Structure formats: C-alpha cells, structure tokens
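**Q** Model the following, please.
(one chain, ligands or ions: 2)
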Amino acid sequence: MDQIVIRGGQRLKGRIPISGAKNAALTLLPCALLTDEPLTLRNLPRLADVDGFGHLLNQLGCSTTIEGSRPEDFGRVMTARTTTLTSTVAPYDIVRKMRASILVLGPLLARAGEATVSLPGGCAIGNRPIDLHLKALEAFGAQIELTSGYVKAVAPGGRLAGGKFTFPVVSVGATENALMAASLSKGTCVLENAAREPEIVDLCNCLVAMGAHIDGIGTETLTIEGVDRLHGATYRVMADRIEAGSYACAAVITEGDVELVGAKADEMDATLSALRQAGATVEETKGGIRVAMSGRAEPVTLSTAPYPGFATDMQAQFMAMATLGKGASLFTETIFENRYMHVPELARMGCDIDVRGRSAVVRGVDHLVGAPVMATDLRASMSLIIAGLAAQGTTEVNRVYHLDRGYERLEEKLQAVGADIERISAG
Ligand SMILES: CC(=O)N[C@H]1[C@@H](OP(=O)(O)OP(=O)(O)OC[C@H]2O[C@@H](n3ccc(=O)[nH]c3=O)[C@H](O)[C@@H]2O)O[C@H](CO)[C@@H](O)[C@@H]1O
Ligand SMILES: C=C(OP(=O)(O)O)C(=O)O
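**A** Ligands and ions are numbered 1, 2, ... in the order given. Below is the predicted model:
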C-alpha cells in the first residue's frame with residue numbers, strides 16, 4: 001500500500017489550485033441516470049470516488065467518456081449518457097466501498113419506476129443510517145421494502161406521485177436523493193428543513209439546467225414541480241470548499257502564505273471566520289482566497305453544524321491546526337458520533353487532546369514530532385498530513401487510499417508550495 005512521507009518544518013508559500021468538489025461531483029454524476037441525453041460535467045476532480053461512481057454508472061447502462069484529458073490537467077470533462085438503463089441494481093460490492101452509491105436510488109426510481117440498492121452499512125465516522133432517504137421517497141409515493149441487505153423501492157404506476165416531507169434532522173444525502181427523485185415526479189414535491197449546503201445548490205442548478213422546476217434553491221424549503229422528462233446539459237462542478245479549507249489549515253500551521261486558486265469565499269464563510277478566529281489573514285483575491293499566518297494560531301472554539309454552520313468535514317483539519325496553537329481550543333462534533341478517530345494518531349505525534357463525549361479540548365504544545373501514523377477516514381488522514389507538515393522530523397502516513405478518495409494529487413499540490421512531501425508507491 002502507498003505511503004505519504006513528510007519531512008516537516010517547511011513554510012507553505014505560493015498558489016494551490018482547488019479542484020472540483022468531490023461531494024458535488026458525487027451527486028451530479030447520478031443525474032446522468034435521469035435522462036437519455038448526454039450530461040457533460042466539467043471540472044470533475046480526478047479522485048478514486050469519482051472513478052468508482054463512473055464504474056457504478058457503467059454497470060447501470062450509462063456510458064462515460066472522458067474528453068482530451070492530459071495527466072497534468074486539473075478538471076476533467078466527462079460526458080455520461082444513459083440511452084437505456086440496463087440495470088436498476090446497485091450491488092453490495094460497489095456500495096460498501098463507496099457510500100455515495102446510495103445516490104443512485106432516487107434517480108433510478110424516478111427514471112425506471114424501481115430501484116434495488118444495497119444498504120451501505122456504517123463507516124468509520126458513524127452509523128450513518130439511510131432512513132431519511134427512504135422516508136422522503138415514501139412521502140413522495142414510493143413503496144419500500146428492505147430485504148437481504150438491499151433496499152427495494154418501487155413507484156406505483158412507474159412514477160412518483162409527489163408529496164411533502166419535513167426532515168427531522170438535516171441530511172445532505174437524503175435531500176439529494178429526494179431532489180433527484182422528485183424532479184421526474186407526476187406532481188409537486190416539497191422538502192422542508194432541507195440541507196442548504198453549496199453542493200445542494202450545485203445539484204439544483206444542474207437539475208434546472210436539465211429542465212427541472214425547483215423553487216427555493218439555497219433555502220430550507222425546496223418545492224419541485226415534477227416534469228415528464230429531463231434533457232441533457234453541460235455543467236461545471238463547483239470548487240471544493242473542503243479541499244480549500246484543508247490547505248488553509250496547512251498554511252496556518254506552517255505560518256505560510258497561500259492563494260487558494262478557484263476557491264469561492266461566499267461558499268465557505270464558516271471556515272473563513274474560523275481561520276480569522278485563529279488569527280490568520282484571510283482575503284479574497286481576483287482568483288480565489290489568500291490565507292496567511294505569522295506566529296502561532298490563537299485558540300478556537302468550534303462546533304460542527306449543517307451549512308451555513310462550521311462543517312464536520314473541516315473539524316479534523318482545524319483540530320490538527322490547533323495542536324500547535326497558543327492555548328486551549330474547544331471542539332464539539334454534533335453531526336457524526338465517531339469523528340475523533342484522528343485523535344489517538346495525533347497523540348502519537350505529541351499532541352495534547354482530551355476527548356469527552358462529543359467535545360474535545362486541544363491544548364497547544366510547543367512542538368510536534370513526526371511519527372508513523374495510520375488514518376481511518378478521509379479527513380482524519382488530512383489532519384495527519386497537516387500535523388506532519390509542521391512536525392519536527394519525518395511523518396509517514398499510511399492508508400493513503402483514504403486521501404485518494406478526496407484530495408486530487410495532494411502531494412503534487414503541496415510540493416509546489418514548498419512542502420517536503422512524497423508518495424512512496426507500493427509498486
Ligand atoms: C458524499 C457527501 O456529500 N458526503 C457528505 C454528506 O454525507 P451524508 O449525506 O452521508 O451526511 P448526512 O448529511 O446525511 O448526515 C448528517 C447526519 O444525519 C444522519 N442521518 C443521515 C441520513 C439518514 O437517513 N439518517 C440519519 O440519521 C447521519 O447519521 C448524520 O448524523 O454530508 C456530511 C455532513 O455534512 C458530510 O460529512 C459528508 O462529507
Ligand atoms: C465523510 C466524507 O465523505 P463521504 O460521505 O463520501 O464518506 C467526507 O468527504 O469527509
């Protein structure tokens with residue numbers, strides 16, 4: 001298995017290109033199942049999850065082609081076309097490797113009137129049930145059965161009738177599945193307490209470009225008037241606000257000065273205000289966002305929440321940043337019950353972190369020392385990279401496949417701004 005080796009202590013300085021967002025790409029790709037015309041997605045990141053999703057689409061009868069991409073280019077252009085669905089089954093061996101596969105449920109049900117999708121099961125950060133995906137679809141008229149580890153959903157008469165669903169807790173994935181399913185319903189579908197993440201707005205804008213009728217985009221109430229058919233479109237995937245925030249934390253911990261090229265400040269207010277809380281200089285530039293730091297970070301108090309709150313996907317990276325802060329920082333994780341798996345690994349590098357239930361107190365230490373570390377999930381891996389960039393000596397990050405799910409050519413981007421980092425391939 002590949003390993004990333006970092007010799008810490010280099011100040012990051014320069015420009016970092018921000019890729020297309022993983023979490024937007026993973027909900028835009030299944031839109032290709034909603035029409036028999038081509039959907040062309042621009043600015044797709046080159047990530048294991050995007051490749052995996054392409055593979056799943058292929059199994060369902062969707063052909064995917066990547067145009068004229070050179071290895072050195074960021075931002076691939078993929079055209080996906082599902083002239084005819086050849087299968088409505090998303091099998092266990094794909095879904096278990098990539099949770100986002102559940103996002104084919106809504107589109108398959110909308111297009112074919114039926115779908116059979118493996119239950120994804122839990123993962124390292126929590127149980128992650130899908131009950132809200134199913135309840136929203138049921139509210140729109142779907143009949144759902146759980147059998148042998150699979151969800152079997154049917155739209156009586158071939159199309160969902162429409163209806164109203166109020167989410168008891170905000171769910172990004174359930175909002176996405178419900179939106180895609182609703183777009184081809186016979187009637188009107190209303191979602192209340194819907195997620196408002198920028199990736200949801202990206203999905204809505206893509207669906208509208210395909211001919212969907214959606215009101216309330218960017219708000220917690222979405223009203224979708226179903227249409228008889230959707231058509232093809234060309235759509236650009238938004239910039240990855242989590243990737244941008246991760247590199248911002250790396251800049252702060254190394255007392256660096258970077259421009260996050262392509263990042264959009266209005267999509268990452270909570271992250272930028274947390275960086276300012278830490279004492280960083282944050283300013284919008286013509287091409288993105290500049291983040292600069294001199295001296296140690298001020299302590300931060302951060303609690304994760306659905307958008308526009310502070311993202312759970314940024315918690316581990318800010319925690320790594322706070323390990324070399326001036327005093328005690330307080331973190332509260334409210335979204336996932338098990339999202340502190342990076343803490344014991346950070347402790348191996350000399351961090352002082354005390355976890356009590358949902359909260360963690362991070363006391364800044366004088367220095368970190370590089371160590372071999374092992375990551376359990378994507379953002380936990382990134383927190384180890386961030387700590388490694390500032391640690392004395394060498395850090396070896398194992399289980400790099402987690403990073404490859406969500407960070408496009410991480411080592412190349414960091415090398416370009418002065419980091420001493422390399423990937424050792426297992427061959
Ligand atoms: C591919 C993708 O976009 N992943 C993101 C998405 O995951 P994902 O869509 O899985 O996360 P959700 O927003 O659905 O989860 C939020 C909370 O709701 C709970 N829940 C969710 C669905 C459900 O049916 N029942 C239920 O109880 C979850 O366990 C969790 O506690 O949003 C998360 C929260 O911002 C991010 O961390 C992930 O990076
Ligand atoms: C938790 C994440 O992703 P996923 O939902 O794909 O597991 C993430 O991007 O941090």
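
**Q** Is the residue of the chain most remote from its centre in a helix, a strand, or coil?
**A** For the chain, the residue at maximal distance from the C-alpha centroid (C-alpha atoms, centre = their mean) is residue 157, at 34.9 Å. Applying DSSP: H, G, I helix; E, B strand; the rest coil to residue 157 yields a three-state assignment of helix.

**Q** Any figure for the gap between it and residue 113?
**A** As for residue 157, its distance to residue 113 is 8 Å (criterion: C-beta to C-beta, to the nearest Å). In short, each C-beta sits where N, CA and C put it, glycine included.

**Q** next one: residue 277
**A** Relative to residue 113, and taking C-beta to C-beta, residue 277 is found at 50 Å.

**Q** measure the closest residue to ligand 1 within the stretch 151-300 of the chain to residue 386 for me?
**A** Distance from ligand 1 to each residue of the stretch 151-300 of the chain (C-beta to the nearest ligand atom) is smallest for residue 173, at 2.7 Å. Residue 173 sits 26 Å away from residue 386, going by C-beta to C-beta.

**Q** Mind checking which of the two has more residues around it?
**A** residue 386 (29 against 22; other C-beta atoms under 10 Å).

**Q** which element is that one on?
**A** helix 378-390 (DSSP states H and E).

**Q** What are the phi and psi values at the residue nearest to residue 83 when sequence neighbours are not counted?
**A** Excluding the flanking residues, the one nearest residue 83 by C-beta to C-beta, 6 or more residues apart in numbering is residue 36, at 5.2 Å. With angles defined as degrees, to the nearest 10, residue 36 sits at phi -90, psi 0.

**Q** contacts for stretch 363-373?
**A** 6-8, 296-297, 299, 322-329, 345-346, 348-354, 384, 387-388, 390-398 (C-beta atoms under 8 Å, 6 or more residues apart in numbering).

**Q** Show the buried residues in these.
**A** Among those, those buried by neighbour count (16 or more other C-beta atoms under 10 Å) are 6-8, 296-297, 299, 322-325, 329, 345-346, 348-351, 353, 384, 387-388, 390-391, 395-398.

**Q** taking those one by one, which sit in helices?
**A** Mapping these onto helices (DSSP state H) picks out 322, 345-346, 384, 387-388, 390.

**Q** near ligand 1, which residues of the protein show up?
**A** 23, 26, 100, 126-133, 169, 171-174, 312-313, 335-336 (C-beta under 6 Å from any ligand atom).

**Q** change it to 8 Å
**A** Proximity of the chain to ligand 1 (C-beta under 8 Å from any ligand atom) is limited to residues 22-23, 26-27, 49, 99-100, 103, 125-135, 169-176, 195, 197, 199, 242, 306-307, 311-313, 335-337, 378.

**Q** where's residue 408, which helix or strand?
**A** Counting by DSSP H and E, residue 408 is part of no helix or strand.

**Q** what's the answer for the one 3 residues further on, then?
**A** Assigning secondary structure by DSSP H and E places residue 411 in helix 410-415.

**Q** What helices and strands are in contact with the helix or strand that that helix is followed by?
**A** Next in sequence after helix 410-415, counting helices and strands by DSSP H and E, comes strand 421-424. Contact analysis of strand 421-424 by 3 or more C-beta pairs under 8 Å, 6 or more residues apart in numbering; DSSP states H and E lists strand 3-7, helix 378-390, helix 410-415 as its packing neighbours.
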